[in-house]
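Trainee: Okay, predicted coordinates and the sequence, questions at the end:
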Amino acid sequence: EAGVAQSPRYKIIEKRQSVAFWCNPISGHATLYWYQQILGQGPKLLIQFQNNGVVDDSQLPKDRFSAERLKGVDSTLKIQPAKLEDSAVYLCASSLEASGYEQYFGPGTRLTVT
Amino acid sequence: SQQGEEDPQALSIQEGENATMNCSYKTSINNLQWYRQNSGRGLVHLILIRSNEREKHSGRLRVTLDTSKKSSSLLITASRAADTASYFCATGALAGGGNKLTFGTGTQLKVEL
């Protein structure tokens, strides 16, 4: 079974630039999550999708972050404009259903904002 | 916000020894999970315990949950060098139709030969 795919793996941008991350969840998984993991901390949930609808985006900084999941499969997370404090690893995860307990994580995208 | 806090922040042991990590949390939960993260394999689910359970086993892993004290512990027996990683507890709360996970700050485990 193929795992969660993410790209790019690494990205370096200057502050005020924009960046986008892509995620392809495990086939058949209805629920998709984006997490932000700052160095030395645990992952923090940014947004959760059930199919192509948003379940929880309470911790998403909506003034600069946006995410979409068209057709209920792939998802993109965008930051515009980026700030220095956005430097982190962005993790995508999926689970079979919204109340599914186990989440499967992708390798993450390491973002450095200079 | 981080719900769980792991203790200790870092742990160094010899191969073959047991490793115990603790997690404390603040609010009511539906379940608690432990994940491992290393550079080679990313974040991987290890074990889940539901709020009405007190103890679970999986291979060399043993997890306990005390909801009255809002705490959990993860025991890794007969540790191996390959167990070197960061371990996170994550509390699960059913909200909006989903199981929202809130991760702790993690314990860095180093197993030396």
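Mentor: The structure has been received and is ready for your questions.

Trainee: For the closest residue to residue A:13 other than its chain neighbours, list the residues it contacts.
Mentor: Once flanking residues are discounted, residue A:13 sits nearest to residue A:19: 5.3 Å by CB to CB, 6 or more residues apart in numbering or on different chains. Every C-beta, even on glycine, is put in place using the N, C-alpha and C of the backbone. Residues near residue A:19 by CB atoms under 8 Å, 6 or more residues apart in numbering or on different chains: A:11, A:13, A:78-80, A:82, A:111.

Trainee: again, 7 Å this time
Mentor: Residues near residue A:19 by CB atoms under 7 Å, 6 or more residues apart in numbering or on different chains: A:11, A:13, A:79, A:82, A:111.

Trainee: out of these, which one sits closest to chain B?
Mentor: For the contacts of residue A:19, the minimum distance to chain B (CB to the nearest CB) is 15.9 Å, reached by residue A:111.

Trainee: which helices and strands sit right next to the host helix or strand of the closest one?
Mentor: Secondary structure from DSSP states H and E places residue A:111 in strand A:109-113. For strand A:109-113, the elements it packs on are strand A:10-13, strand A:88-95, judged by 3 or more CB pairs under 7 Å, 6 or more residues apart in numbering or on different chains; DSSP states H and E.

Trainee: Could you look over those strands and pick the most buried one?
Mentor: strand A:88-95 (a mean of 24; mean count of other CB atoms under 10 Å in any protein chain shown).

Trainee: the strands in chain A, which residues?
Mentor: A:5-7, A:10-13, A:19-24, A:31-37, A:44-50, A:53-56, A:65-68, A:75-79, A:88-95, A:104-105, A:109-113 (DSSP state E).

Trainee: want to try TSV for those, with distance to residue B:7 and mean pLDDT as columns?
Mentor: Formatted as TSV, the strands of chain A follow (distance: least, CB to CB, whole Å; pLDDT from 0 to 100):
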stretch	distance to residue B:7	mean pLDDT
strand A:5-7	31	97
strand A:10-13	32	98
strand A:19-24	33	98
strand A:31-37	20	95
strand A:44-50	20	94
strand A:53-56	28	90
strand A:65-68	32	98
strand A:75-79	32	98
strand A:88-95	24	95
strand A:104-105	24	94
strand A:109-113	27	97
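
Trainee: how close does the residue nearest to residue A:13 sit to residue A:62?
Mentor: Distance, residue A:19 to residue A:62, by CB to CB, to the nearest Å: 16 Å.

Trainee: picking up where we left off before, pairing partners for the residue nearest to residue A:13 in the sheet, please.
Mentor: For residue A:19, the beta-bridge partners are residue A:79 (DSSP bridges).

Trainee: same thing with residue B:42?
Mentor: residue B:38.
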